[in-house]
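Engineer: generate coordinates for the sequence data below:
(chains A and B)
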Amino acid sequence: MCVGIPAMIISINNDKAFSAIVDVEGVRREANIALLADPADPVREGDWVLLHVGFAMSKLDEAEARSTLEFIRALGSVYDEEVEALRVQD
Amino acid sequence: MNQFPDFRDPRAARIVLSRIAELATGQPHRKFMEICGGHTHSIYRHGLEELLPQNVELVHGPGCPVCVIPMGRIDDAIYIASQPNVVFCCFGDMLRVPGGKLNLLEARARGADIRVVYSPMDVLTIAEREPERDIVFLAVGFETTTPSTAVTVLEARRRKLSNYFVMSNHIRIVPAIKAILDSKDLDLDGFIGPGHVGTVLGNHPYEFVASEYGKPLVTAGFEPLDILESVMRLLAQKAVGRCEVENQYTRAVRDAGNPVAIGVIDKVFTVRPHFEWRGLGSIEHSALMFRDDFAEFDAELRYSVPGIQIADPKSCQCGEVLRGAIRPWECKVFGTACTPETPIGTCMVSSEGACAAYYNYGRFNKSPRIPVTAV
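Structural biologist: Below you'll find the predicted structure:
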């Protein structure tokens, strides 16, 4: 039960409070978005959220995700460069 | 549809693993505890433990809310579920949690109306559809799940539903981490912090782990790369003698958490003086109960539950598993008397429990792990 699943907001239900339709790995279901009710940063169609027991808990920030991946890849390039430098020395 | 399949990229994982191997070289044996059951599940599902150097060990903590429910609470739940006119709703993984005599599945077979729900919102729907019945929700979970229960209570009040009740077993992560840190057989070098609780509480509540107890903590996401990067960061801190609380899961965890979620918890619930945890005993301030203003929703007040404490079975070593003192396969009954079909201990019940994860993914090979070589 304690698992959070990334889900994409497909549409916001205008006729029902804090309700949205989300896509979870191809399955569409209703989700409650009351916990993301921030007027400064409202939930929009196309947003990715973390879904837990039917509630959107947190927006998943694409820029942050990319920067995490870039950080990891940069480690690889540093490593590759070091290996390359060793080869040159040989 | 997956937002970021790259978090499972094997090449990126090899990069992190080679960095881990470099950092671990020359360090003493390191034991890091992942607190959250979601991490435990992901670690075994993806076989991450076997990829780590031999001197880096992952220990599985108490962060599976199903696993820490004591038998007495299940008996209380069955007591409520067996009252006339009650519809008792719970998450599916609660059904097989052992009580003193029965589990909820067996209580259902004896006639109790026990229904499995996916979301607490489903319970509200049942309450509206069946106004003549008392609908009781068995609420379990850490701060990740608590806000959703709180929202349903506020919504029940708004809809003027007088037949919706909650048996609160909501627990708090910080007192649980403190209990682990204060335990006598503690032998840990750092923590992989619970990412989903972090989406609600933020990263600040964990600062005491570094400042008061001198252990590093890295809040982590749940994909293989997230967990590996967090292990790498813990080793990097250890390598230079740093001790800090870091956030690896920045795409979901903001430093201040989710203020709306914290607000609804605080509106509906208050801290219990004590709460009994399976394997860990009674922990002060470790759970939540209804505020007086919401007492009308409290199933424990409506049904005056027996509240009897029942000692865990002697053969079961869940407590030692939950504290990280032994590994699941070192328990005397693991995989023999205790299996996911007929669990003796709760760690074997939920898919997030350490024993069930070991059992389901067959990762109880006691032979030395294969050292990782550079990419």
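Engineer: for the helix or strand bottoming out on mean pLDDT in chain B, packing partners?
Structural biologist: Across the helices and strands of chain B, mean pLDDT, DSSP states H and E gives its lowest value to helix B:318-322, namely a mean of 83. Applying 3 or more Cβ pairs under 8 Å, 6 or more residues apart in numbering or on different chains; DSSP states H and E, one finds that helix B:318-322 contacts strand B:56-63, helix B:354-361. Backbone N, C-alpha and C define where each C-beta goes, glycine included.
Engineer: show me what contacts the nearest residue to residue B:315 once chain neighbours are set aside?
Structural biologist: In space, and not counting its chain neighbours, residue B:315 is closest to residue B:333: 5.0 Å by Cβ to Cβ, 6 or more residues apart in numbering or on different chains. Residues in contact with residue B:333 (Cβ atoms under 8 Å, 6 or more residues apart in numbering or on different chains) are B:315, B:316, B:317, B:344, B:345.
Engineer: and the last one, how many residues sit next to it?
Structural biologist: Burial of residue B:345, expressed as a neighbour count using other Cβ atoms under 10 Å in any protein chain shown, amounts to 29.
Engineer: could you do the second one as well?
Structural biologist: Other residues within reach of residue B:316 by the criterion other Cβ under 10 Å amount to 25.
Engineer: rewinding a little: most widely separated two among the contacts of residue B:333?
Structural biologist: For these, with distances taken as Cβ to Cβ, the pair at the greatest spread is B:317 and B:344 (9.7 Å).
Engineer: and residue B:161, what element?
Structural biologist: Per DSSP states H and E, residue B:161 falls between elements, in no helix or strand.
Engineer: list the contacts for it?
Structural biologist: Counting by Cβ under 8 Å, 6+ apart, residue B:161 touches B:124, B:127, B:128, B:131.
Engineer: separation between the closest residue to chain B within chain A and residue A:63?
Structural biologist: Nearest to chain B in chain A, going by Cβ to the nearest Cβ, is residue A:54, at a distance of 2.7 Å. Computed as Cβ to Cβ, to the nearest Å, the residue A:54 to residue A:63 distance reads 27 Å.
Engineer: okay, these two: which has more neighbours?
Structural biologist: When residue A:54 is set against residue A:63 and neighbours are counted by other Cβ under 10 Å, the residue ahead is residue A:54, at 18 against 9.
Engineer: need the three-state assignment for the residue lying closest to residue A:10 once chain neighbours are set aside.
Structural biologist: The shortest distance from residue A:10 to any non-neighbouring residue, by Cβ to Cβ, 6+ apart, is to residue A:21 (4.6 Å). Per DSSP: H, G, I helix; E, B strand; the rest coil, the local secondary structure of residue A:21 is strand.
Engineer: list the contacts of the residue nearest to the spatial centre of chain A.
Structural biologist: Centroid-nearest residue in chain A, with Cα atoms, centre = their mean: residue A:60, separated by 3.1 Å. By Cβ under 8 Å, 6+ apart, the contact set of residue A:60 is A:6, A:48, A:49, A:50, B:3, B:251, B:252.
Engineer: where does confidence bottom out across those residues?
Structural biologist: Lowest-confidence member of these: residue B:3, scoring 71 (pLDDT).
Engineer: that residue: neighbour count?
Structural biologist: 15.
Engineer: next: residue B:206.
Structural biologist: 25.
Engineer: who in chain A is up against chain B?
Structural biologist: Residues of chain A lying close to chain B by Cβ under 8 Å from any Cβ of the partner chain are A:1-4, A:6, A:8, A:23, A:25-26, A:32, A:34-38, A:48, A:50, A:52-55, A:57-62, A:64-65, A:67-69, A:71-73, A:75-76, A:79, A:83.
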